[in-house]
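In: all I have is the shape, not the residue letters:
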């Protein structure tokens, strides 16, 4: 199979396509000959992504979509099917960030993260899965995080959502295998990617958001969105169940496996040094 044959002519749905990894994925798939259904709540960013993909020759359907609104996602799936006639792949990429200790976090802050980062993935998967099965060559790609592999202080809500995405996706993959359904499933765990996620995050009242975002951009944002997109599409093409992006994701995944719960005390020390 050539590098592009798995994607050429396929209808690929990408949520959160207005910036970051979502935009890079859209451009990567456009170069591979895919047809694109792109969505985001940021209509200006989405319009720029659409412009770039159309310049690359892709057929594009563009829609504003809040993945936390289940009925809207269900209607969106029907609209994409009506537009293209078939759907082959969905990249549940849309997500938001929040930083705050459990003690300082409001219920609404945790619920908001779960609504977008976990339920948004569930909504997209459930809405499109029947269409992917119907296509005979489907693929679900759910974006978790490095924080779906390792928990860190101040990220309890985000950890909860991303660990949930991981569990949901890994179970789904097994169900597709057991049922012999024509749908591949991939869970993606990006490490430090240079996106606006930290700058666009919300924070508990006792957290200096500007300082935290600056620290993330300076110390943790290592890889480009283009590198992440290339790693994802190659993992999808090879039908990998799990895709780790970045050396740090691979290193910390191995570290957690080796140390089990022991990593948690070491993580507190690293957290103090990073945020000091």
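Out: Cool, the structure landed. Remember, it's a predicted structure, so these values are computed and weren't measured experimentally. Numbers count the residues shown, from 1 in each chain.

In: tell me the mean pLDDT over stretch 21-29?
Out: On average, the pLDDT along stretch 21-29 is 98.

In: and that stretch, how far from the chain's centre?
Out: Put simply, stretch 21-29 sits 12 Å off its chain's centre (CA atoms, centre = their mean, to the nearest Å).

In: then stretch 6-23?
Out: With CA atoms, centre = their mean, you get 11 Å for stretch 6-23.

In: same question for stretch 127-143.
Out: Using CA atoms, centre = their mean, the offset of stretch 127-143 from its chain centre is 16 Å.

In: now the end-to-end length of stretch 55-72.
Out: Length of stretch 55-72, first residue to last, CA to CA, to the nearest Å: 29 Å.

In: nearest residue to residue 77 in space, please, no chain neighbours.
Out: What sits nearest to residue 77 in space, not counting adjacent residues and going by CB to CB, 6 or more residues apart in numbering, is residue 127, at 3.9 Å. The C-beta positions use only the backbone N, C-alpha and C, and glycine is treated the same way.

In: give the helix, strand or coil label for that neighbour.
Out: Under DSSP: H, G, I helix; E, B strand; the rest coil, the three-state class of residue 127 is helix.

In: surely it and residue 76 touch.
Out: Yes - contact criterion CB atoms under 8 Å: residue 127 and residue 76 qualify, at 7.0 Å.

In: contact partners for residue 11?
Out: 34, 35, 36, 37, 80, 84, 86, 87, 88, 89 (CB atoms under 8 Å, 6 or more residues apart in numbering).

In: filter these down to the buried ones.
Out: By neighbour count, with 16 or more other CB atoms under 10 Å, those hold 34, 35, 36, 37, 80, 84, 86, 87, 88, 89 as buried.

In: strands - which of those land there?
Out: 35, 36, 37, 89 (DSSP state E).

In: per-residue pLDDT, residue 254?
Out: 89.

In: tell me which residues are up against the longest helix seen in the chain.
Out: For the chain, the helix with the greatest residue count under DSSP state H is helix 156-178. Under the contact criterion CB under 8 Å, 6+ apart, helix 156-178 has outside partners 97-102, 105, 109-110, 113-114, 116-118, 121-122, 125, 140, 142-145, 147-149, 151-152, 181, 183-187, 189, 241.

In: mind checking which of the residues you listed land in helices?
Out: When these are checked against helices (DSSP H), the matches are 109, 110, 113, 121, 122, 125.

In: tell me which two of the residues you listed sit farthest apart.
Out: The widest separation within those, taken as CB to CB, falls between 109 and 125 and amounts to 24.3 Å.

In: which one of those two has more residues nearby?
Out: Shown here are residue 109 and residue 125; by other CB atoms under 10 Å, residue 125 has more neighbours (21 against 17).

In: before we move on, the earlier item: can you put the buried ones among the contacts of residue 11 in CSV and add distance to residue 261?
Out: Output for these, formatted as CSV (distance: CB to CB, whole Å):
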residue, distance to residue 261
34, 42
35, 46
36, 42
37, 42
80, 43
84, 47
86, 46
87, 41
88, 40
89, 36
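
In: of the residues you listed, closest to residue 22?
Out: Lowest distance from residue 22 to those (CB to CB) belongs to residue 36, with 10.9 Å.
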